[in-house]
Structures are given as structure tokens and as C-alpha cells.
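Chemist: For reference, the sequence and a predicted model appear below.
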Amino acid sequence: MPVTERLYYSDSHLIEFEARVVDVTDRVSGWTAIVLDRTAFYPTGGGQPSDTGTLNGARVVECIDDGDKGVLHVVQGAAASRNDVVRGRVDWSRRLDHMQQHTGQHILSQAFVTLFKAPTRSFRVLDAACEIDVELNNPTTEIIERAVELANNVIWEDRAIVIRNVTSGEAAELHLRKEPARVGDLRLIEIEGFDLTPCGGTHAYRTGEVGMIAVRSWERAKGLTRIEFAAGVRALADYRKANKSAREVAALFSTGRDDAPQVAAQMVEEHKELNRRVRALEEMAAGVEAETLRASASDGVILKIFDGRDAESLKKLAHALIAHPQTIALLGSRDNDTARLVFARSADASGDMNALMREACALLDGRGGGKPDMAQGGGKNVEKLDAALTHALTLLNRAP
Ligand SMILES: [Zn+2]
């Protein structure tokens, strides 16, 4: 005879009960583990977290299944002594949430078997949603939504959920969704006309109590399809969250929630088009800038340092400059932590830009290179940018 009679086996909606204390042990400081002769508290197991609640008003924070030694109720402080009769109360909102997720999982898992012969390999109740790993090949959103639709129809048909206690011999004659994890007598959960599976958890009285099931996302994981779903109160909470996000995004575009994807897609296209136009304008501006710079340089060598100019912009300017004959451009730019260089020469000018760039970048504590007529580079030693350019100019003038 097991130490603890498990009242939740016969009634998942029983939340108040009286029991006798069989054992009390002090665990780590301030925590006590209490074993009762009977309990309505469900201990962690089968992918479902444990119940919480109170024993004689003391907080039960966790319940652990210790097999034949009973259910350990982990209580904050000392709640009772051996042989005391205590009053237990299970937190109903947490129990209802877990029942909805767990019963919802039975229904969704059977929907995948019915439609696609795809068994569920594991199940977890997470903080805000749940996960099942399904042996579903070639998953698509459409395929998964078909199972979700069947599952919701079963919920709304409000089918009865019946507990059947059978021997292993009787079970062998039945068509169970899942192989039993234990030998001997079995507790089967039957969803009328839909699903029959061995399980020791807490379930709704009828499928309608699950409310609804919604899939948040899915992905391929370890050869299985991992599906994240929410049932009942969690599905509503998730809808509220998704609706809030969608409305906030829509407000940014000054449009309605359901029009936001189309408006956002239009904006992205416009953004790309604007970028193309900016680049074209930059090129025109570089031509004008090049004229001005060339006018101020008497010997065809243009040395110039800019602030906060990116490499692409420097290159555009360099190209515009060397479109003119006998021109050499030694350009630099700096921001807080980066110095950038672009060296270029026209086809008829002399000098090895690649060699100059390597020398200059060594001073910047960076790297760079390219071809004899065009090279780029940079480094993080920003304060040496002036010196690097002067050094390059000296080397250029020294060349034969
Ligand atoms: Zn179950």
C-alpha cells in the first residue's frame, strides 16, 4: 500500500482536502518536506509542473513524487507535526492552467496521429507556452494548422474525458496512442471517441474546458518537429500579447492592424528606392567636390582628411578625382574609434598605392591593401591619421 493516496487521480477538480501527516523532515534551512496519507497536490511529472497551494495556511511551493514513499510537499517553515490532521488547499488558477495545457496536449497529439500518423515524442509545459516534439515529416504551417483545427473542433464538441483503470492484460487488447511507461495496472485517459492513452496527470472533465489551442511557432529540432502551442488561458494571454504588438506596429505606420504588413512592405520598398537615389546623388556630389578639391591642388596630388565619412563615400570621391589625368588622391576619414584611408591614382600617374597603403596602415595599427592604382584600409589608431597620410605623401614624393 503506497504511503500517499493520490486524490487527484480520481478528481482533478478537488482542491480542498484534509489529511494526516505521515512524515516531516527538515530540509535545507527554513524548508520542510511533509508527507501526507492522502493529497490533492499533483507532483511534478509527465511534463507538467507541480501544484502549489497551502497546508494549514503554510505555503506549499513545490511537490515532488517520491514513488512508493509518497508525495513530498515542500513547505516554507514548519507547517505541522507527525500525526497532525492538516487542511490542504491547491491553487486553482495554476491547476486549471496546467490541466488546460496538459489535456490540450492529449488532444493536439492525437490530432497529429489521426491526420498524419505522427506520434508525439515529448511534451513540456514552459513558462508562457508549451512544447511538443512530433514525428512529423515535411512540416509546413498549413499541415500543422490542419491538426490545430481538428484539435479545436474536438474541444468545441465538448467530449467527455473518462478515467479507466485497467490491468496490463486488458490494456494489451486496447489500441493505445502511447506505449505504457510502467508495468502492472494502468490508468487510461479516454477522450470519448477520439483518444485513449495511459497517463497519471490531471485532466479536464470535458474537452470544452480546454477552451482553445493555438500554435505560436514551429521548427525542426533533432529530426523531429518542435511545436510551441498554448491552450486555454495561455492562448488568450498570447492573443492579447500578439494583438498589442501588431497594433503598436500598425500605429507606427498610422494604419489599421490588419493592413500593417502590406504598408510595412511598401515602406521597405520605398526605403530601398530612396537608398538608390541617395547613392546616385552622392555620386553627383562627389563629382562637384572633386572639382573643388582639384582646383586647390597645384601638383595633382590631393591630400584631404574628413570627419565621419564612410569607406564607400571616400571611394566615390577618389573615383571622381582620378577620372582626371595626372591625379593622385590620398584621402582619410576618422570617427571616434576608426580611421579609414583610400589611396588612388589616375591611369597615367605613377606610384604604387598598394605599397603606400600598407605603410600607412602600419602607423594606424590596422590593415589595408589593394592594387597599384587603388587601395583602401584603416585602423583604430585614430590620432595617427595625419601622420599616416603625411608619411604616404613623403614616400610618394621620394619615389623615382
Ligand atoms: Zn495526461
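Modeler: Noted; the coordinates are in hand. Residues are numbered from 1 along each chain as shown.
Chemist: Now the worst-scoring helix or strand of the chain on mean pLDDT: buried residues?
Modeler: When the helices and strands of the chain are scored by mean pLDDT, DSSP states H and E, helix 168-172 comes last with a mean of 87. Buried positions in helix 168-172, judged by neighbour count with 16 or more other Cβ atoms under 10 Å: residue 171. For every residue, glycine as well, the C-beta is placed using N, CA and C.
Chemist: Give the burial count for residue 165, as a bare number.
Modeler: When neighbours are counted by other Cβ atoms under 10 Å, residue 165 registers 11.
Chemist: My guess is it contacts residue 189. True?
Modeler: No. With contact defined as Cβ atoms under 8 Å, residue 165 does not reach residue 189; the gap is 10.9 Å.
Chemist: OK, now which residue of this structure is nearest to the ion?
Modeler: Scanning the chain for the residue nearest the ion gives residue 199, at 3.2 Å (criterion: Cβ to the ion).
Chemist: May I ask you to name the longest strand in this protein?
Modeler: strand 16-26 (DSSP state E).
Chemist: Distance from the chain centre to it, please.
Modeler: Centroid displacement of strand 16-26 relative to its chain, using Cα atoms, centre = their mean, to the nearest Å, is 41 Å.
Chemist: What pairs with that strand, parallel or antiparallel?
Modeler: Sheet pairing of strand 16-26 (DSSP bridges) gives strand 31-36 (antiparallel), strand 85-90 (antiparallel).
Chemist: model confidence over that strand, on average?
Modeler: The average pLDDT within strand 16-26 is 94.
Chemist: Check which helix or strand residue 290 maps to.
Modeler: Per DSSP states H and E: residue 290 is located in helix 260-296.
Chemist: what's the angle from whatever helix or strand comes next after that helix to helix 260-296?
Modeler: From helix 260-296 onward toward the C-terminus, using DSSP H and E, the following helix or strand is strand 301-307. Between strand 301-307 and helix 260-296, the angle comes out at 140 degrees (axes from the mean of the first three to the mean of the last three Cα atoms, to 10 degrees).
Chemist: Give me the average confidence score over strand 301-307.
Modeler: Per-region confidence: strand 301-307 scores 95 on mean pLDDT.
Chemist: which strands and helices sit next to the helix or strand that that strand is followed by?
Modeler: Downstream of strand 301-307, the next assigned helix or strand under DSSP H and E is helix 311-322. Helix 311-322 is packed against helix 260-296, strand 328-334, strand 339-345, strand 374-379, with contacts defined by 3 or more Cβ pairs under 8 Å, 6 or more residues apart in numbering; DSSP states H and E.
Chemist: give me that answer again for 10 Å
Modeler: helix 260-296, strand 301-307, strand 328-334, strand 339-345, strand 374-379 (3 or more Cβ pairs under 10 Å, 6 or more residues apart in numbering; DSSP states H and E).
Chemist: just those: most buried one?
Modeler: Greatest average neighbour count among the helices and strands packed on helix 311-322 goes to strand 339-345 (a mean of 27), per mean count of other Cβ atoms under 10 Å.
Chemist: Could I get the CA-only coordinates of it as PDB?
Modeler: Presented in PDB, the C-alpha positions along strand 339-345 are these (Å, rounded to 0.1, in the frame of the first residue of the first chain):
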ATOM      1  CA  ALA A 339      40.500  55.800 -39.100                       C
ATOM      2  CA  ARG A 340      39.900  55.000 -42.800                       C
ATOM      3  CA  LEU A 341      42.100  55.500 -45.900                       C
ATOM      4  CA  VAL A 342      41.600  55.400 -49.600                       C
ATOM      5  CA  PHE A 343      44.500  56.000 -52.000                       C
ATOM      6  CA  ALA A 344      44.000  56.200 -55.700                       C
ATOM      7  CA  ARG A 345      45.800  57.400 -58.900                       C
END
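Chemist: just how off-centre is that strand within its chain?
Modeler: Relative to its parent chain, strand 339-345 has a centroid offset of 43 Å by Cα atoms, centre = their mean.
Chemist: Pull up the pairing partners for that strand, direction included.
Modeler: strand 328-334 (antiparallel), strand 374-379 (antiparallel).
Chemist: low pLDDT regions in this protein?
Modeler: Low-confidence segments of the chain (pLDDT under 70): 1-2, 400.
Chemist: Show me which residues of it are close to the ion?
Modeler: Neighbours of the ion within the chain, by Cβ under 5 Å from the ion: 199, 201.
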